[in-house]
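1. need a 3D model of the following:
(chains A and B)
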Amino acid sequence: MSVSDVLIIGGGLHGCSAALHLTMRGASVTLVEKDYAGRHASGVNAGGVRRLGRHLAEVPLSVASMELWHRIEDLVDDDCGFESHGQIKLAESEADLDACRRRSAELRAAGFDHEEVIGEKELRELVPAAAPHVVGGLISRADGAALPFRTVQAFRNKARKLGARIIEGTAVDDVRRERAAFAARLADGRTLRAPVLVNAAGAWGGRIAARFGETVPVDVVAPMLMITERRAPFLKPVVGATSRTLSFKQFSNGTVLIGGGYLGHADPDTNRTVLDYARLGQNARTVRELFPAMRDAQVVRAWAGIEARTADGIPVIGPSATEEGLFHSFGYSLHGFQLGPVCGAILAELVSTGRTNLPIAPFSVERFRTARTA
Amino acid sequence: MTPLGHVGELAGTYDLVVIGAGPAGMAAATLAAEGGASTLLVDENAAPGGQIYRGIGATPLQRRELLGEDYWKGEALTKAFAASKAAYFPRASVWQLSPDLELGISSGGRTAVVQARRVVMATGAMERPFPVKGWTLPGVMTAGAAQILLKTSGLAADGKVVLAGSGPLLWLIAAQYLESGKRFEAILDTTPGSNWAGALADLPRFLASPYLAKGLRLMAKVRRKARVLTGVTALEALGSGRLSGVRYTRGGKTREIEADHLFLHQGVVPNINMASASGCELDFDPRQLAWKPKLDEWGRTSVAGISVAGDGAEIAGAEAAAERGRIAGLDALAALGRISAAERDRRAGPVRAVLSRYDRGRAFLDRLYQPAQHFRVAGDDTLACRCEEVTGGQIRDAVKALNITGPNQLKSFLRCGMGPCQGRLCGLTVSETIAEARCVSAETVGYYRLRAPVKPITLAELATLEKSESDVRTVARG
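-> Prediction:
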């Protein structure tokens, strides 16, 4: 038997970040990961560090997280490959530009000014390779991108350095409440106990919640990504589109990452994903139309991660509604990477003090209970 | 057979799709098509034959003896295949095979997706990497590449040529090269003398195998015409900007010879790129020192509906490959309901009998020609991953400093295996280098999780895939 203050299930960015922030607050932490840290969604996503275009409920968290990203090296002793050249959504028509203007105004009304509309002239300066029909866009200048797996490793390593115990390659077979503590039986026969349990199990988070009677409607999905061979440098910012789905970015080594949330198929029981080539074909057509120079680019790899997408597309963050001492942080619905640094801090605050200054009410697990009984 | 020239001519569904038109692929496709299964054979080359029978029917080398009598054994297979009802799609590449048997096939800048009920992968072997210092210099190539030039174009290297390495194929290539009127400055044989001790136990079976006489003849022929230096224990390609010579150690003495071309070879290993990317489980074979798909006696992989035949399953040579192609073909017919299991078993009997003859000498050859560890693992200053220029020393440092357990974790730190080849060429070197640094087996270290596309495809090609209704189900990204 092994006892710590907090037991975290899941070694993705959110689990590792929670472990880091909790150890910084002096808690003894054990984190269990069935594979290795960053094996799934956290380690294989597009690495977008993006406030641009987020759900309004997430904007305060995203803005706070961005402050952490801009001093990420102070936090985890590694720059995580974070580069900030802005994120832009291309507008392909006047209607698109109008949508950009409405979004910017909406955000301003909510008290945020990081999204700005830019016209064709500035767009061409920033994204000279964009197709001729592009007329402008929406920009968030201090956004950027980082290297996902390296980021997770940095959080994991720093948490471990500060005393967190990290167990990888061992699944949790069973977890339940036993009197004052949670008891997790591991696949290798060990039992871990802690008065506080953090559910950061990503695509498997819904299963953990269900063990405590909380049914969260989550789809297990496999967003696909492609990467091309090296190309001559042509693009600094991360680029998306206003009326289509795209995530497009060139790394400093010349390779180009193409995503957009097109889904393959996931099997959470075997860790396997299967790509859907018809959808990748659609993704490729979008790139061809917005960046004609990419026509002859060779795709060297296509892959998909396993993620959880909730019914309303935003995560579950906060205390359980049924079990005291249980906290959820999962269901990030394909856009959790940028939130990693701050959500770990939020979890640590919740565990240590019972509250947080950031507005997390929209992410309460109870929203699904209300929806069911309504 | 019915040749196809364009992806537009593909049917949407086939009973059986065979990948690769070497001996295993041709045999499997011929047998399945004769059994009434709608069969498609896809191959990258312009004509059937694979590597071993490459260019058969099209080679410009008209003197039959030049390529050896074994080469012409391919003729019977090719003729039987030509007479069959299989659809044959040359100059086409399969860039992906999914676990639900969907194949992405490209040709002439267009691509299509085909659904198979069964798949036989006959993707053959690839040369084992031979990471020695200077192996990326222009002028250094694999012996297999030199052989391809000879078979398809009748081209042989001008200037001073050195051949170095070990294994049966090395002798065959040497013989073919000498037969075409070319010469070698030297053949540097790196077969470790200490291998004999382990191989001797398998010698009696080898003596009864069809390989013995053939091998001895071949070696005698080569020795008559070329200077063969055995017991070479160290090797380095010299030159700045291009190969100028080869440094080697033999009997404790180090010497140099001038060379314009160095052909390297230390055996072949199963080409598992597609099997791995399709989700087939792999095993590490400690005798052949290579990864191979986990298979049952019919060649079935761990993925339902996908079988592997030929050298892609395990190195056993061209004749054995054809027999294993037949076994996979029979099993496919049974799985498709074209023949009963009893008929499959009955017809497989004689095939297995022939196959066991070819298996007889294999253990001896495998043990004798096991390359030395220092020729499989990259040295500190030797490139392991050529695409991203990562050395053996960098891998060892990363393993120690970052506590890296296997090739997949290494990617994020060194970009090892992240370049254009995606680890498909360097995978074995990287696995074994990590294993050596960690003092564990390659099996423990594991292999790259390989991804599609397994063959190059451009965005423009991918964009030619027809849009389906499911495409529209998209979501925001992170």
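
2. measure how buried whichever residue of the stretch 201-350 of chain B sits closest to chain A is and give me the count.
-> Relative to chain A, the nearest point of the stretch 201-350 of chain B is residue B:279 (6.0 Å; Cβ to the nearest Cβ). Quick note: C-beta positions are derived from backbone N, CA and C, even for glycine. Neighbour count for residue B:279, taken as other Cβ atoms under 10 Å in any protein chain shown: 20.

3. ranges for the strands of the stretch 1-150 of chain A?
-> Using DSSP state E, counting those that start in this stretch, the strands found in the stretch 1-150 of chain A span residues A:2-3, A:6-9, A:29-33, A:48-49, A:87-91, A:116-118, A:136-140, A:144-145.

4. need the winner for burial among these.
-> Stretch with highest mean neighbour count among the strands of the stretch 1-150 of chain A: strand A:6-9 (a mean of 28; mean count of other Cβ atoms under 10 Å in any protein chain shown).

5. got a list of what residue B:165 touches?
-> Neighbour list for residue B:165: B:130, B:143, B:188-190, B:263-267, B:371 [criterion: Cβ atoms under 8 Å, 6 or more residues apart in numbering or on different chains].

6. same question for residue B:400.
-> Counting by Cβ under 8 Å, 6+ apart, residue B:400 touches residue B:437.

7. how about the residues of the stretch 151-300 of chain A near chain B?
-> Residues of the stretch 151-300 of chain A lying close to chain B by Cβ under 8 Å from any Cβ of the partner chain are A:153, A:221, A:223, A:228-229, A:240, A:245, A:247, A:253, A:258-263, A:272, A:274-282, A:284-285, A:287-288, A:294-300.

8. separation between the closest residue to residue B:48 other than its chain neighbours and chain A?
-> Leaving aside its chain neighbours, residue B:48 sits nearest to residue B:21 (4.0 Å; criterion: Cβ to Cβ, 6 or more residues apart in numbering or on different chains). Here residue B:21 is placed at a distance of 24 Å from chain A (Cβ to the nearest Cβ, to the nearest Å).

9. make CSV out of the strands of the stretch 1-150 of chain A and add mean pLDDT and distance to chain B.
-> What follows is the strands of the stretch 1-150 of chain A, written out as CSV (pLDDT from 0 to 100; distance: least, Cβ to the nearest Cβ, whole Å):
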stretch, mean pLDDT, distance to chain B
strand A:2-3, 79, 22
strand A:6-9, 98, 20
strand A:29-33, 97, 13
strand A:48-49, 96, 5
strand A:87-91, 98, 11
strand A:116-118, 98, 20
strand A:136-140, 98, 14
strand A:144-145, 96, 11
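
10. go ahead and flag the most central residue of the chain.
-> Because you didn't say which chain, this covers chain A. Chain A has residue A:336 as the residue nearest its centroid, 1.9 Å off, counting by Cα atoms, centre = their mean.

11. switch to chain B, please.
-> Centroid check for chain B by Cα atoms, centre = their mean gives residue B:125 as the closest residue, at 1.5 Å.

12. would you check that that residue makes contact with residue B:271?
-> Yes - using Cβ atoms under 8 Å, residue B:125 makes contact with residue B:271 at a distance of 5.8 Å.

13. what's the spacing between stretch A:183-195 and its chain's center?
-> Here stretch A:183-195 is found 27 Å from its chain centre; the criterion is Cα atoms, centre = their mean, to the nearest Å.

14. export it as PDB, just CAs?
-> Below are the C-alpha coordinates for stretch A:183-195, written out as PDB (Å, rounded to 0.1, in the frame of the first residue of the first chain):
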ATOM      1  CA  ALA A 183      -7.900   3.200  -3.500                       C
ATOM      2  CA  ALA A 184      -6.500   2.500  -7.000                       C
ATOM      3  CA  ARG A 185      -5.600  -1.000  -7.800                       C
ATOM      4  CA  LEU A 186      -2.900  -1.100 -10.500                       C
ATOM      5  CA  ALA A 187      -2.400  -3.700 -13.200                       C
ATOM      6  CA  ASP A 188       0.800  -4.800 -11.500                       C
ATOM      7  CA  GLY A 189      -1.000  -5.600  -8.300                       C
ATOM      8  CA  ARG A 190       0.000  -2.600  -6.300                       C
ATOM      9  CA  THR A 191      -2.700  -0.400  -4.600                       C
ATOM     10  CA  LEU A 192      -2.300   3.300  -4.300                       C
ATOM     11  CA  ARG A 193      -4.200   5.400  -1.800                       C
ATOM     12  CA  ALA A 194      -4.900   9.100  -1.500                       C
ATOM     13  CA  PRO A 195      -7.600  11.300   0.000                       C
END
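
15. list the buried ones in that stretch?
-> Under the neighbour-count criterion of 16 or more other Cβ atoms under 10 Å in any protein chain shown, stretch A:183-195 has A:183-184, A:186, A:192-195 buried.

16. for the stretch 151-300 of chain A, which residue gets nearest to chain B?
-> Residue nearest to chain B within the stretch 151-300 of chain A: residue A:281 (3.1 Å; Cβ to the nearest Cβ).

17. and that residue, that one's in a helix?
-> Yes - Residue A:281: assigned to a helix according to DSSP: H, G, I helix; E, B strand; the rest coil.

18. about what we covered before: show me the buried residues of stretch A:183-195 that map onto strands.
-> Members of the buried residues of stretch A:183-195 lying in strands (criterion: DSSP state E): A:183-184, A:186, A:192-194.

19. what's the most distant pair in those residues?
-> A:186 and A:194 (13.0 Å; Cβ to Cβ).

20. what about the chain, any weak spots by pLDDT?
-> Just so you know, I chose chain A. Applying pLDDT under 70 to chain A flags residues A:1, A:370-374.

21. wrong one, chain B
-> Looking at chain B by pLDDT under 70, you get B:52-72, B:466-478.

22. for it, longest strand please?
-> Per DSSP E, chain B has its longest strand at strand B:110-121.

23. please name the strands paired to whatever helix or strand comes next after that strand in the sheet, noting orientation.
-> With elements assigned by DSSP states H and E, the helix or strand that comes after strand B:110-121 is strand B:125-127. Strand pairing for strand B:125-127, using DSSP bridges, gives strand B:268-270 (antiparallel).

24. how much space between the residue of the stretch 201-350 of chain B closest to chain A and residue B:305?
-> Remark: distance between residue B:279 and residue B:305 (Cβ to Cβ, to the nearest Å) = 11 Å.

25. now swap in residue B:223 and tell me
-> 48 Å.

26. same check, this time on residue A:102
-> 51 Å.

27. and for residue A:158?
-> From residue A:158 across to residue B:305, the span is 46 Å (Cβ to Cβ).

28. neighbour count for those two, which is higher?
-> Ranked by neighbour count (other Cβ under 10 Å), residue A:158 and residue B:305 place residue A:158 first, with 20 against 17.

29. residue contacts, the nearest residue to that one once chain neighbours are set aside?
-> Nearest residue to residue A:158, sequence neighbours excluded (Cβ to Cβ, 6+ apart): residue A:76, at 4.4 Å. Each residue near residue A:76 by Cβ under 8 Å, 6+ apart is listed here: A:20, A:154-155, A:157-158.

30. for the longest strand of chain B, buried residues please.
-> For strand B:110-121, by 16+ other Cβ under 10 Å, it's B:111-114, B:116-121.

31. for stretch A:291-309, same thing?
-> Neighbour counts using 16+ other Cβ under 10 Å place A:291, A:294, A:297, A:299-309 of stretch A:291-309 among the buried residues.
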